[in-house]
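Novice: fold the following, please.
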Amino acid sequence: MNNQNWNPQHPQPAQQMPPIPQSKSGMAIAGFVLGIIALLTSFLPIINNFSFFLAILGMIFGIVGMVGIMKGKKSGKGLAIAAIAICVVSGVVVLGTQSMYSGALDSATSSATTTSTSASSVTNTESTSASDSASGTSSAADPSVSAEYRNALAKAQQYSDMMHMSKQGIYDQLTSEYGEKFPADAAQYAIDNVEADWNANALEKAKLYQDQGSMSKSAIHDQLTSQYGEQFTESEADYAIANL
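Specialist: Next up is the predicted model:
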(Lines give C-alpha, C1' and ligand atoms only; values in the text may rest on other atoms or scores of the structure.)
Protein backbone atom coordinates (compact mmCIF):
# COMPACT_ATOMS: atom_id res chain seq x y z
CA MET A 1 0.00 0.00 0.00
CA ASN A 2 1.49 3.31 -1.09
CA ASN A 3 1.31 5.99 1.64
CA GLN A 4 3.67 8.48 0.02
CA ASN A 5 0.90 10.81 -1.26
CA TRP A 6 -1.17 10.82 1.95
CA ASN A 7 -1.23 14.21 3.65
CA PRO A 8 -2.95 14.46 6.99
CA GLN A 9 -5.52 17.28 7.24
CA HIS A 10 -5.03 19.50 10.27
CA PRO A 11 -8.24 20.90 11.79
CA GLN A 12 -8.83 24.60 11.16
CA PRO A 13 -8.80 26.74 14.30
CA ALA A 14 -12.26 27.94 15.32
CA GLN A 15 -12.96 31.47 14.26
CA GLN A 16 -13.59 33.83 17.17
CA MET A 17 -16.67 36.05 16.97
CA PRO A 18 -15.96 39.78 17.37
CA PRO A 19 -17.14 41.14 20.73
CA ILE A 20 -20.62 42.63 20.63
CA PRO A 21 -20.41 46.36 21.46
CA GLN A 22 -22.28 47.33 24.63
CA SER A 23 -25.23 49.65 24.25
CA LYS A 24 -25.48 53.02 25.99
CA SER A 25 -27.15 53.03 29.38
CA GLY A 26 -30.78 54.09 29.00
CA MET A 27 -30.79 55.31 32.61
CA ALA A 28 -27.78 57.54 31.97
CA ILE A 29 -29.41 59.00 28.86
CA ALA A 30 -32.69 59.64 30.71
CA GLY A 31 -30.84 61.25 33.61
CA PHE A 32 -28.90 63.51 31.23
CA VAL A 33 -32.06 64.65 29.42
CA LEU A 34 -33.90 65.35 32.69
CA GLY A 35 -30.88 67.26 33.99
CA ILE A 36 -30.78 69.48 30.90
CA ILE A 37 -34.51 70.26 31.21
CA ALA A 38 -34.14 70.98 34.92
CA LEU A 39 -31.18 73.29 34.31
CA LEU A 40 -32.93 75.28 31.56
CA THR A 41 -36.00 75.90 33.76
CA SER A 42 -34.29 76.18 37.14
CA PHE A 43 -34.34 79.99 37.27
CA LEU A 44 -38.03 80.43 36.37
CA PRO A 45 -40.39 81.14 39.29
CA ILE A 46 -43.12 78.58 40.00
CA ILE A 47 -41.85 76.26 37.24
CA ASN A 48 -38.59 75.65 39.09
CA ASN A 49 -40.50 73.73 41.77
CA PHE A 50 -41.00 71.08 39.09
CA SER A 51 -37.40 71.57 37.94
CA PHE A 52 -36.13 70.51 41.36
CA PHE A 53 -38.17 67.30 41.12
CA LEU A 54 -36.70 66.63 37.65
CA ALA A 55 -33.19 67.23 38.98
CA ILE A 56 -33.68 64.69 41.79
CA LEU A 57 -35.18 62.15 39.39
CA GLY A 58 -32.41 62.71 36.85
CA MET A 59 -29.72 62.26 39.51
CA ILE A 60 -31.30 58.97 40.59
CA PHE A 61 -31.35 57.78 36.96
CA GLY A 62 -27.73 58.83 36.54
CA ILE A 63 -26.63 56.94 39.66
CA VAL A 64 -28.55 53.80 38.64
CA GLY A 65 -27.04 54.05 35.17
CA MET A 66 -23.54 54.43 36.66
CA VAL A 67 -24.03 51.28 38.77
CA GLY A 68 -25.01 49.30 35.68
CA ILE A 69 -22.03 50.67 33.77
CA MET A 70 -19.59 49.79 36.55
CA LYS A 71 -20.91 46.22 36.48
CA GLY A 72 -20.01 46.06 32.79
CA LYS A 73 -23.58 45.67 31.59
CA LYS A 74 -23.77 48.98 29.71
CA SER A 75 -21.54 51.74 28.35
CA GLY A 76 -21.76 55.51 28.71
CA LYS A 77 -19.83 56.30 31.88
CA GLY A 78 -19.16 59.89 30.80
CA LEU A 79 -22.83 60.44 30.05
CA ALA A 80 -23.84 59.17 33.51
CA ILE A 81 -21.29 61.42 35.23
CA ALA A 82 -22.50 64.41 33.20
CA ALA A 83 -26.13 63.62 34.12
CA ILE A 84 -25.35 63.53 37.84
CA ALA A 85 -23.30 66.75 37.67
CA ILE A 86 -25.95 68.66 35.71
CA CYS A 87 -28.72 67.53 38.07
CA VAL A 88 -26.71 68.66 41.10
CA VAL A 89 -26.09 72.06 39.51
CA SER A 90 -29.79 72.37 38.61
CA GLY A 91 -30.82 71.63 42.20
CA VAL A 92 -28.40 74.25 43.52
CA VAL A 93 -29.70 76.86 41.05
CA VAL A 94 -33.31 76.11 42.03
CA LEU A 95 -32.57 76.46 45.74
CA GLY A 96 -30.59 79.66 45.17
CA THR A 97 -33.29 81.17 42.98
CA GLN A 98 -36.06 80.34 45.42
CA SER A 99 -34.00 81.77 48.26
CA MET A 100 -33.59 85.00 46.30
CA TYR A 101 -37.32 85.23 45.57
CA SER A 102 -38.14 84.48 49.21
CA GLY A 103 -35.80 87.23 50.36
CA ALA A 104 -37.37 89.68 47.92
CA LEU A 105 -40.86 88.85 49.17
CA ASP A 106 -39.82 89.21 52.80
CA SER A 107 -38.31 92.59 51.99
CA ALA A 108 -41.46 93.61 50.14
CA THR A 109 -43.65 92.54 53.08
CA SER A 110 -41.56 94.58 55.49
CA SER A 111 -41.67 97.56 53.15
CA ALA A 112 -45.44 97.24 52.72
CA THR A 113 -45.93 97.19 56.51
CA THR A 114 -43.86 100.34 56.90
CA THR A 115 -45.73 102.06 54.07
CA SER A 116 -49.08 101.12 55.59
CA THR A 117 -48.06 102.61 58.94
CA SER A 118 -46.86 105.82 57.31
CA ALA A 119 -49.98 106.14 55.17
CA SER A 120 -52.16 106.51 58.27
CA SER A 121 -50.57 109.89 59.05
CA VAL A 122 -50.44 111.46 55.58
CA THR A 123 -52.24 114.72 54.82
CA ASN A 124 -54.30 115.85 51.86
CA THR A 125 -51.41 118.09 50.69
CA GLU A 126 -49.15 115.19 49.67
CA SER A 127 -47.85 114.78 46.13
CA THR A 128 -49.70 112.82 43.43
CA SER A 129 -47.58 109.68 43.89
CA ALA A 130 -48.18 109.69 47.64
CA SER A 131 -51.91 110.19 47.05
CA ASP A 132 -51.96 107.17 44.74
CA SER A 133 -50.27 105.07 47.43
CA ALA A 134 -52.77 106.24 50.07
CA SER A 135 -55.62 105.42 47.69
CA GLY A 136 -54.32 101.88 47.27
CA THR A 137 -54.05 101.47 51.06
CA SER A 138 -57.59 102.75 51.54
CA SER A 139 -58.90 100.31 48.93
CA ALA A 140 -57.14 97.41 50.63
CA ALA A 141 -58.70 98.42 53.97
CA ASP A 142 -62.24 98.65 52.55
CA PRO A 143 -64.42 96.62 54.98
CA SER A 144 -66.71 95.60 52.11
CA VAL A 145 -63.81 93.60 50.58
CA SER A 146 -63.06 90.23 52.16
CA ALA A 147 -59.76 89.59 53.88
CA GLU A 148 -58.92 86.96 51.24
CA TYR A 149 -59.31 89.51 48.46
CA ARG A 150 -57.27 92.14 50.35
CA ASN A 151 -54.46 89.66 50.98
CA ALA A 152 -54.40 88.59 47.34
CA LEU A 153 -54.19 92.23 46.26
CA ALA A 154 -51.33 92.90 48.67
CA LYS A 155 -49.40 89.90 47.31
CA ALA A 156 -50.04 90.96 43.72
CA GLN A 157 -48.70 94.43 44.49
CA GLN A 158 -45.54 92.92 45.98
CA TYR A 159 -44.92 90.71 42.94
CA SER A 160 -45.38 93.70 40.63
CA ASP A 161 -43.31 96.20 42.63
CA MET A 162 -40.45 93.94 43.73
CA MET A 163 -40.19 91.28 41.02
CA HIS A 164 -41.71 93.14 38.04
CA MET A 165 -43.84 90.17 37.01
CA SER A 166 -46.45 90.16 34.24
CA LYS A 167 -50.20 90.17 34.81
CA GLN A 168 -50.51 86.49 33.83
CA GLY A 169 -47.39 85.58 35.81
CA ILE A 170 -48.80 87.16 38.97
CA TYR A 171 -52.18 85.47 38.47
CA ASP A 172 -50.50 82.07 38.07
CA GLN A 173 -48.35 82.66 41.17
CA LEU A 174 -51.39 83.67 43.23
CA THR A 175 -53.38 80.57 42.26
CA SER A 176 -50.55 78.03 42.04
CA GLU A 177 -50.55 75.09 44.47
CA TYR A 178 -46.80 75.68 44.74
CA GLY A 179 -47.30 79.43 45.25
CA GLU A 180 -49.88 81.46 47.17
CA LYS A 181 -52.87 79.08 46.71
CA PHE A 182 -55.49 81.86 46.51
CA PRO A 183 -58.85 80.97 44.92
CA ALA A 184 -59.36 82.12 41.34
CA ASP A 185 -61.85 84.85 42.25
CA ALA A 186 -59.51 86.42 44.80
CA ALA A 187 -56.62 86.30 42.31
CA GLN A 188 -58.77 87.92 39.62
CA TYR A 189 -59.79 90.69 42.05
CA ALA A 190 -56.12 91.31 42.76
CA ILE A 191 -55.22 91.48 39.07
CA ASP A 192 -58.12 93.86 38.38
CA ASN A 193 -57.11 96.24 41.20
CA VAL A 194 -53.32 96.06 41.37
CA GLU A 195 -51.51 99.31 40.51
CA ALA A 196 -48.96 98.27 37.91
CA ASP A 197 -47.35 99.51 34.72
CA TRP A 198 -47.02 96.27 32.77
CA ASN A 199 -44.86 97.88 30.09
CA ALA A 200 -42.45 99.08 32.79
CA ASN A 201 -42.41 95.62 34.36
CA ALA A 202 -41.59 94.03 31.01
CA LEU A 203 -38.76 96.52 30.52
CA GLU A 204 -37.29 95.76 33.95
CA LYS A 205 -37.37 92.03 33.20
CA ALA A 206 -35.74 92.61 29.82
CA LYS A 207 -32.93 94.60 31.47
CA LEU A 208 -32.40 91.74 33.94
CA TYR A 209 -32.04 89.18 31.14
CA GLN A 210 -29.73 91.51 29.21
CA ASP A 211 -27.49 92.34 32.19
CA GLN A 212 -27.33 88.94 33.89
CA GLY A 213 -27.99 86.54 31.02
CA SER A 214 -26.24 88.41 28.19
CA MET A 215 -29.14 87.37 25.96
CA SER A 216 -29.95 88.72 22.50
CA LYS A 217 -32.99 90.95 21.98
CA SER A 218 -34.75 88.20 20.04
CA ALA A 219 -34.15 85.67 22.82
CA ILE A 220 -35.28 88.19 25.45
CA HIS A 221 -38.49 88.84 23.49
CA ASP A 222 -39.20 85.10 23.31
CA GLN A 223 -38.55 84.72 27.03
CA LEU A 224 -40.83 87.63 27.88
CA THR A 225 -43.76 86.24 25.89
CA SER A 226 -43.23 82.50 26.48
CA GLN A 227 -45.95 80.66 28.40
CA TYR A 228 -43.11 78.90 30.21
CA GLY A 229 -41.34 82.21 30.84
CA GLU A 230 -42.59 85.65 31.88
CA GLN A 231 -45.93 85.58 29.99
CA PHE A 232 -46.03 89.26 29.02
CA THR A 233 -48.19 90.26 26.04
CA GLU A 234 -46.65 90.85 22.63
CA SER A 235 -47.16 94.61 22.91
CA GLU A 236 -45.55 94.73 26.35
CA ALA A 237 -42.57 92.70 25.12
CA ASP A 238 -42.26 94.94 22.04
CA TYR A 239 -42.19 98.01 24.30
CA ALA A 240 -39.47 96.46 26.45
CA ILE A 241 -37.26 95.53 23.49
CA ALA A 242 -37.73 98.97 21.91
CA ASN A 243 -36.57 100.68 25.11
CA LEU A 244 -33.61 98.46 26.05
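
Novice: what ranges do the helices span in this structure?
Specialist: With helices called from DSSP state H, the chain shows them at 26-41, 47-70, 77-119, 128-140, 147-163, 167-175, 184-193, 198-213, 217-225, 234-242.

Novice: report the angle between the last one and helix 217-225.
Specialist: Between the axes of helix 234-242 and helix 217-225, defined by axes from the mean of the first three to the mean of the last three Cα atoms, to 10 degrees, the angle is 140 degrees.

Novice: TSV for the helices of the chain, including mean pLDDT and mean neighbour count?
Specialist: No exception for glycine: its C-beta is placed from N, CA and C like everyone else's. Conversion of those to TSV gives the following (pLDDT from 0 to 100; neighbours: other Cβ atoms under 10 Å):
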stretch	mean pLDDT	mean neighbour count
helix 26-41	85	21
helix 47-70	84	20
helix 77-119	75	16
helix 128-140	50	14
helix 147-163	94	21
helix 167-175	94	21
helix 184-193	95	18
helix 198-213	91	18
helix 217-225	93	18
helix 234-242	95	18
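
Novice: which pLDDT value goes with the residue nearest the centre of the chain?
Specialist: Using Cα atoms, centre = their mean, the residue of the chain that lies closest to the mean C-alpha position is L44, 2.4 Å off. The score at L44 is 79. That number is its pLDDT.

Novice: counting neighbours, what do you get for the spatially closest residue to it that is not a sequence neighbour?
Specialist: Using Cβ to Cβ, 6 or more residues apart in numbering and skipping residues adjacent in sequence, the residue nearest L44 is G229, 6.6 Å away. The local packing of G229 (other Cβ atoms under 10 Å) involves 18 other residues.

Novice: tell me how far G229 lies from E195.
Specialist: Taking Cβ to Cβ, to the nearest Å as the criterion, G229 is separated from E195 by 24 Å.

Novice: residues contacting K74?
Specialist: Residues counted as contacts of K74 (Cβ atoms under 8 Å, 6 or more residues apart in numbering) are 22-26, 28, 65, 68.

Novice: 7 Å instead?
Specialist: The contact partners of K74, taken as Cβ atoms under 7 Å, 6 or more residues apart in numbering, are 22-25, 68.

Novice: where's the residue nearest to L44 relative to L57, distance?
Specialist: From G229 over to L57 the distance is 23 Å, taken as Cβ to Cβ.

Novice: this structure - how does it break down into domains?
Specialist: Residue ranges for the domains of the chain, per automatic domain parsing: 26-102, 105-114+145-242.

Novice: now the end-to-end length of the last one.
Specialist: Its start and end residues considered, domain 105-114+145-242 measures 29 Å (Cα to Cα, to the nearest Å).

Novice: what's the answer for the first one, then?
Specialist: End-to-end distance of domain 26-102: 37 Å, with Cα to Cα as the criterion.

Novice: that domain: how far from the chain's middle?
Specialist: A distance of 14 Å separates the centroid of the chain from that of domain 26-102, by Cα atoms, centre = their mean, to the nearest Å.

Novice: swap in the longest one?
Specialist: Its chain's C-alpha centre and that of domain 105-114+145-242 lie 14 Å apart, by Cα atoms, centre = their mean.

Novice: where does G229 fall, phi/psi-wise?
Specialist: Recorded main-chain torsions at G229 are phi -110, psi -120, according to degrees, to the nearest 10.
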